[in-house]
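Engineer: Sequence plus predicted model, see below.
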Amino acid sequence: MTYKIIPLSNIAKDITGITFGMLTAIAPVGKSKDSTIMWLCNCECGGTATVRSYALRNGATRSCGCLQVKHIVRLGKNNKRHGMAGNTTYKSWQHMKERCHKPNTTDYHRYGGRGITVCKRWLESFDNFLQDMGVKPEGLTIDRIDNDGNYTPENCRWATLRQQANNTRANKHITHNGITLTQAQWSRRLGISPATIIWRLKRWDIEDVFAPPSERKSRHKRGSSQHASKLTESIVLSIRSDTRLAKDIALEYGVSESTIGRVRNRNTWKHV
């Protein structure tokens with residue numbers, strides 16, 4: 001990784017060359033979200049780390065992470081729980097085993113009940129799990145790349161909640177032009193709501209669902225004669241039962257958002 005050294009202000013303390021625990025500060029290479037200077041450090045183990053300046057000075061960070069790994073491995077030998085109750089990596093390993101191999105666990109029906117298991121290497125040893133997966137990064141949880149596969153080194157990763165949501169069985173995958181994405185991913189890619197995608201899939205040809213307005217069939221184009229000429233009773237009833245955003249409905253029928261609002265509020269078409 002390439003780092004860009006930043007200049008220090010007159011009030012910032014230069015800690016270049018100073019050693020904190022196993023870390024020696026090399027150079028300032030950026031700022032965190034709270035504007036704290038981040039220092040590139042060399043670790044005695046041969047690794048590197050970028051650390052907030054105050055974390056170095058107050059002793060909160062003393063290594064590149066190698067000390068924590070050694071500590072966890074030492075405490076995790078033979079799967080002993082003593083001293084591990086508060087460790088998030090150990091908890092992830094523990095919960096993974098429970099939901100796959102303990103029928104009385106709340107989520108067992110979604111894992112063990114579906115035949116999902118933990119590989120023997122991980123089931124027998126927290127040490128092995130730690131060596132394969134590393135320390136759990138903050139904000140991430142364990143995720144199976146193949147949602148129908150088992151917990152194994154080659155099928156697991158530390159992932160964000162969004163990545164896991166995209167990978168869930170409940171999230172429908174849609175393939176168009178050789179590209180397979182979830183409804184949520186298509187929504188972000190097209191700039192429309194997931195509800196609109198679902199609505200279109202139920203009523204339109206697949207080509208029209210993902211095409212820009214100018215390339216859709218005439219009956220779907222914004223401002224087409226069918227939609228722009230006037231609303232009909234059936235369309236009005238459809239609008240009133242539609243739970244999507246007004247802007248999405250307006251786009252489908254080639255009318256303004258205010259028109260959708262008047263129809264919904266029965267300021268017009270009162271007899272329907």
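Structural biologist: That came in fine, so what should we check first?
Engineer: Name the residue closest to the centre of this structure, please.
Structural biologist: Nearest to the geometric centre of the chain sits Arg162, at 2.0 Å (CA atoms, centre = their mean).
Engineer: name the element it belongs to?
Structural biologist: helix 161-166 (DSSP states H and E).
Engineer: picking that back up, and the pLDDT at the residue nearest to the centre of the chain?
Structural biologist: Looking at Arg162, its pLDDT stands at 71.
Engineer: Likewise for Asn79?
Structural biologist: Taking Asn79 on its own, its pLDDT is 45.
Engineer: now swap in the one 10 residues further on and tell me
Structural biologist: pLDDT, the model's per-residue confidence, is 89 for Thr89.
Engineer: which residue sits closest to it, ignoring its sequence neighbours?
Structural biologist: Nearest non-adjacent residue to Thr89, counting by CB to CB, 6 or more residues apart in numbering: Lys136, 4.2 Å away. Where C-beta positions appear, they are placed from N, C-alpha and C, glycine not excepted.
Engineer: helix/strand/coil for that neighbour?
Structural biologist: Following DSSP: H, G, I helix; E, B strand; the rest coil, the label given to Lys136 is coil.
Engineer: all strands for this structure, in order.
Structural biologist: Using DSSP state E, the strands of the chain run over 19-20, 23-31, 37-43, 48-52, 141-144, 156-159, 173-176, 179-182.
Engineer: For Asp248, find the nearest of those.
Structural biologist: The closest of the strands of the chain to Asp248 is strand 173-176. By CB to CB, the value is 17.5 Å.
Engineer: and that closest one, what does it pack onto?
Structural biologist: Packing partners of strand 173-176 (3 or more CB pairs under 8 Å, 6 or more residues apart in numbering; DSSP states H and E): strand 179-182, helix 183-190, helix 206-210.
Engineer: Looking at the ones you listed, which is nearest to Gly21?
Structural biologist: Here helix 183-190 is closest among those (CB to CB), at 42.4 Å.
Engineer: Next, the buried residues of the closest one.
Structural biologist: Neighbour-count burial for helix 183-190, counted by 16 or more other CB atoms under 10 Å, picks out 183, 185-187.
Engineer: CSV for those, including pLDDT and distance to Thr141?
Structural biologist: Shown next, in CSV, are these (pLDDT from 0 to 100; distance: CB to CB, whole Å):
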residue, pLDDT, distance to Thr141
Gln183, 71, 22
Gln185, 74, 19
Trp186, 79, 24
Ser187, 77, 23
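Engineer: Which member of those is positioned nearest His176?
Structural biologist: Relative to His176, the closest of the buried residues of helix 183-190 is Trp186; by CB to CB it sits at 7.9 Å.
Engineer: Settle this for me: that closest one is touching Ile197, isn't it.
Structural biologist: Yes - shown here, Trp186 and Ile197 form a contact pair, counting by CB atoms under 8 Å, at 5.8 Å.
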